[in-house]
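Enquirer: A predicted structure for the sequence below; I have some questions about it.
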Protein chains: 2
Amino acid sequence: MTSEVPQALSGRLSFLLGRLYMRALDLEARRLEALGVTVKQQAVLALLADEGPMTQQHLGQRLGIDRTTVVAVVDGLEQARLVERRRSPADRRAYLLTLTPDGVRAGEQGRGLVSGAEGELLGALDEDERRTLTELLGRAVRGQGPGDAGAPPR
Amino acid sequence: MTSEVPQALSGRLSFLLGRLYMRALDLEARRLEALGVTVKQQAVLALLADEGPMTQQHLGQRLGIDRTTVVAVVDGLEQARLVERRRSPADRRAYLLTLTPDGVRAGEQGRGLVSGAEGELLGALDEDERRTLTELLGRAVRGQGPGDAGAPPR
DNA sequence: TATTGTTATACTCTATAACTATA
DNA sequence: TATAGTTATAGAGTATAACAATA
């Protein structure tokens, strides 16, 4: 049983982020159970649907997880016949991870389930505030990172 | 090496929250090293400074961690002479965790270090946006419970 | 009988090192 | 020599179960 947010920590970002993150994982995982996929597996489905086939190495970089961790995630998706490992013609060491038709469908359904979980997570905020929160989080994460040359820190 | 946020996941809250949370922990931990305390230990110092002495059980509830996990955290603080375990006169099974003068000072310094880390974390946002983000996170975490906004559990 | 703090234990998650097959 | 995928292993981090002291 978790009591309410202590005043002393109410402005502490790592604390707030941690609480909300854990709750988000929990809500998403619970809903995705109906699909038989984990949160990470659903992220893989969404990524492949959006960017097309890619190697396990590349997938790991996109997701921010080690390539050794990718193995088990893909194993599960392959056994569920949602993803296929196809040898890359260009580099026979690598696989090109490819969605099966079932994988495409599962990915779409997963999106819906995740949206539902997020709605529940942000139940205290109205539509406008949800958009603002997502946008600010995105900016903060992208932040000083590589890529689009935004304004460097002053 | 983490690449930029994939478009497919740019609106995925658990993904954004996770990335930002991990980065926050990392930044805070690095700065708090100078004090010789971990992020969790600093949370304990801040909480005791704000709410006064409390039992390990109560502390765990406030922080959302198990009481068995509290033991090691307090062990470290006690060895560093920042916190003392004093037997509760009212209930001799329990300790009343109490800040030492060094603990009070460390807590104050820790607050400053954490603020610095948060400033770095949100480098991409201006002052107004940072306040908005913190407020929305707080509302989301406190969230849907119209419930127990009263006295903390004994 | 229930609860506080404690220990031992197990479980989850993830990364490092080493191997293979290619390049 | 370097890289993709794999395996075995180890390290955090945290929770569950059981125990002593106390309620």
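Expert: Arrived safely. Residues are numbered from 1 along each chain as shown, chains lettered A, B, ... in the order given.
Enquirer: show me what contacts A:L45?
Expert: Neighbour list for A:L45: A:V37, A:L77, A:L82, A:V83, A:L99, A:G103, A:A106, A:G107, A:G110 [criterion: C-beta atoms under 8 Å, 6 or more residues apart in numbering or on different chains]. For the C-beta atoms, the positions are set from N, CA and C on the backbone; glycine is no exception.
Enquirer: what's the helix or strand for it?
Expert: Secondary structure assigned from DSSP states H and E places A:L45 in helix A:39-51.
Enquirer: do that helix and DNA strand C meet at all?
Expert: Yes - contact of helix A:39-51 with DNA strand C (C-beta under 7 Å from any atom of the strand) involves A:K40.
Enquirer: Please apply the same query to stretch A:57-72.
Expert: Yes - residues of stretch A:57-72 contacting DNA strand C under C-beta under 7 Å from any atom of the strand: A:I65, A:D66, A:T68, A:T69, A:A72.
Enquirer: Pull up the gap between the last one and chain B, please.
Expert: Using C-beta to the nearest C-beta, to the nearest Å, one gets 18 Å for the distance from A:A72 to chain B.
Enquirer: That residue: neighbouring residues, count only.
Expert: Neighbour count of A:A72, defined by other C-beta atoms under 10 Å in any protein chain shown: 11.
Enquirer: so where do the strands sit in chain A?
Expert: A:83-87, A:95-99 (DSSP state E).
Enquirer: Make CSV out of the ones you listed and add mean pLDDT.
Expert: Putting the strands of chain A into CSV (pLDDT from 0 to 100) gives the following:
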stretch, mean pLDDT
strand A:83-87, 98
strand A:95-99, 98
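Enquirer: Of those, which is nearest A:R130?
Expert: Ranking the strands of chain A by proximity to A:R130 (C-beta to C-beta) places strand A:95-99 first, at 28.7 Å.
Enquirer: so how many other residues sit close to A:E28?
Expert: So A:E28, with other C-beta under 10 Å, has 27 neighbours.
Enquirer: meant to ask about A:R92, not that
Expert: A:R92 has 8 neighbours, counted by other C-beta under 10 Å.
Enquirer: sorry, back to before: determine which stretch of the strands of chain A is the most buried.
Expert: Sort those by mean neighbour count, taking mean count of other C-beta atoms under 10 Å in any protein chain shown, and strand A:95-99 sits at the top with a mean of 20.
Enquirer: close to DNA strand C, is it?
Expert: No - Strand A:95-99 does not reach DNA strand C (C-beta under 7 Å from any atom of the strand); its nearest approach is 11.6 Å.
Enquirer: got a list of contacts for that strand?
Expert: Here strand A:95-99 has contacts from A:44-45, A:48-49, A:53-56, A:59, A:74, A:82-88, A:107, using C-beta under 8 Å, 6+ apart.
Enquirer: can you list the weak-confidence ranges in chain A?
Expert: A:1-2, A:144-154 (pLDDT under 70).
Enquirer: Now A:D126. Its backbone dihedrals?
Expert: Note on A:D126: its backbone torsions stand at phi -80, psi 170 [degrees, to the nearest 10].
Enquirer: Count the residues that sit near it.
Expert: Using other C-beta under 10 Å, A:D126 has 9 neighbouring residues.
Enquirer: Show me which residues of chain A sit near DNA strand C.
Expert: A:K40, A:I65, A:D66, A:T68, A:T69, A:A72, A:D91, A:R92, A:R93.
Enquirer: From those, which land in helices?
Expert: Mapping the residues of chain A next to DNA strand C onto helices (DSSP state H) picks out A:K40, A:T68, A:T69, A:A72.
Enquirer: which residue ranges form the helices in chain A?
Expert: Listed in chain order, the helices of chain A (DSSP H) span A:13-32, A:39-51, A:56-63, A:67-79, A:101-121, A:127-142.
Enquirer: Columns distance to B:L16 on top of the ones you listed, output as TSV?
Expert: TSV is the format used below for the helices of chain A (distance: least, C-beta to C-beta, whole Å):
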stretch	distance to B:L16
helix A:13-32	9
helix A:39-51	12
helix A:56-63	13
helix A:67-79	19
helix A:101-121	11
helix A:127-142	4
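Enquirer: Which of those sits closest to B:A117?
Expert: helix A:13-32 (8.1 Å).
Enquirer: That closest one near chain B anywhere?
Expert: Yes - using C-beta under 8 Å from any C-beta of the partner chain, we find that helix A:13-32 touches chain B at A:13-21, A:23-25, A:28.
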